[in-house]
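Participant: dropping the sequence and predicted coords here.
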Amino acid sequence: MMNARYVISNMLERAGINAAVLAARRHSLMVLCYHRVLDAADPARPLTHPALISSTRIFERQMEVLASLLTPVTLTDAVRWLDGHADIPRRAALVTFDDGWIDTCTNAFPVMKRLGIPGVVFLATGLIGTNDRQWADTVYESIAARAGPQAATRELERLKRLPSPARSEDIVSRSAHSPNLTWPQVEEMARDGFEFGSHTSTHMILPRESEEDITRELRLSATQIEARLGSVPMAFAYPDGQYDRRVARLVEQAGHSCAFACNEGLATLRSDRFALPRLCVHDGVSAAPRGGFSRAMFLTYLAGTIPWRYRRRVR
Ligand SMILES: [Zn+2]
């Protein structure tokens, strides 16, 4: 299957179809969603779900493609456009990161700074500056280590369907080396033009939680961001990409201007601004058959010229 994608992507690429599709884009915004950007030898790799990993080397190639063929914009640009105050450039693209992993600063940020690409990070603010880990990571890592990645994925999907009180609290664990950003790193990136949105405080998956708990998480996260960065977050990203009408309404009532989901597609002025689509990116979307980066596959994914669906996994 991967070979078929590879072959077709190269045909589309040679025919110039991907470039033509991307070049024709206007009045729309493509939003990319990344999680971890890890070096080849990073010890976190074997115990992290593959669909959350972009290799630093491949991420760099992807950003080079973005800088050369598309028009990277800021979150502020996007919100001004959604508000009707400005147009969005042709071929607009917004690069986002979820959660607040330390590698967003150590690996992704230097690449983007070099290329002049702005970014947005959606912070699970309660984890920032701590050694705490998301419960989902702890579960995945412990099960993957003893029973393999497929068993870990199955158990995680089961647990995610439960409201948080039904999950044991003690699966929240601390690690010796923090996997999370620190607030000084957040402030450093903010000084260089990165923008920060909210992703709750504890990375709570919202649809099955009470209105009171959701509101508390949203308020806490916004307060922490305001205290550190001087302004409340403009935008929100749903943990695990999960939302419903009630959750979206509460996110709007909490004062956000827009919210991002992980539904594939392009944002337009007709999109629901509290369910803006994003394309999830990891090594798999641009992996050549023998590993490494395939520019043709990456452009085919961005252009959407093959209607394939990658198995997505979001946090
Ligand atoms: Zn997340």
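Facilitator: Cool, the structure landed.

Participant: what's near enough to touch the closest residue to Leu82 other than its chain neighbours?
Facilitator: Once flanking residues are discounted, Leu82 sits nearest to Arg273: 5.5 Å by Cβ to Cβ, 6 or more residues apart in numbering. Quick note: C-beta positions are derived from backbone N, CA and C, even for glycine. By Cβ atoms under 8 Å, 6 or more residues apart in numbering, the contact set of Arg273 is Leu82, Ser257, Cys258, Ala259.

Participant: next, see if stretch 132-147 gets close to the ion.
Facilitator: No. Stretch 132-147 does not reach the ion (Cβ under 5 Å from the ion); its nearest approach is 7.5 Å.

Participant: over to stretch 155-163?
Facilitator: No. Counting by Cβ under 5 Å from the ion, the ion has no neighbours in stretch 155-163; the shortest distance is 11.6 Å.

Participant: now do the buried residues in that stretch.
Facilitator: Going by neighbour count (16 or more other Cβ atoms under 10 Å), the buried part of stretch 155-163 is Glu155, Leu156, Leu159, Lys160.

Participant: ok, the residues you listed vs the ion, which is closest?
Facilitator: Lys160 (11.6 Å; Cβ to the ion).

Participant: quick check: that closest one touching Pro239?
Facilitator: No. Look at Lys160 against Pro239 with Cβ atoms under 8 Å: they stay out of range, at 9.8 Å.

Participant: which parts of this structure are strands?
Facilitator: For the chain, strands defined by DSSP state E occupy the ranges 29-34, 36-38, 53-55, 71-72, 92-99, 119-123, 195-198, 235-237, 258-260, 279-280.

Participant: could I get the pLDDT score of Met1?
Facilitator: As predicted, Met1 sits at a pLDDT of 54.

Participant: to clarify, my last question referred to Val247.
Facilitator: For Val247, the pLDDT comes out at 98.
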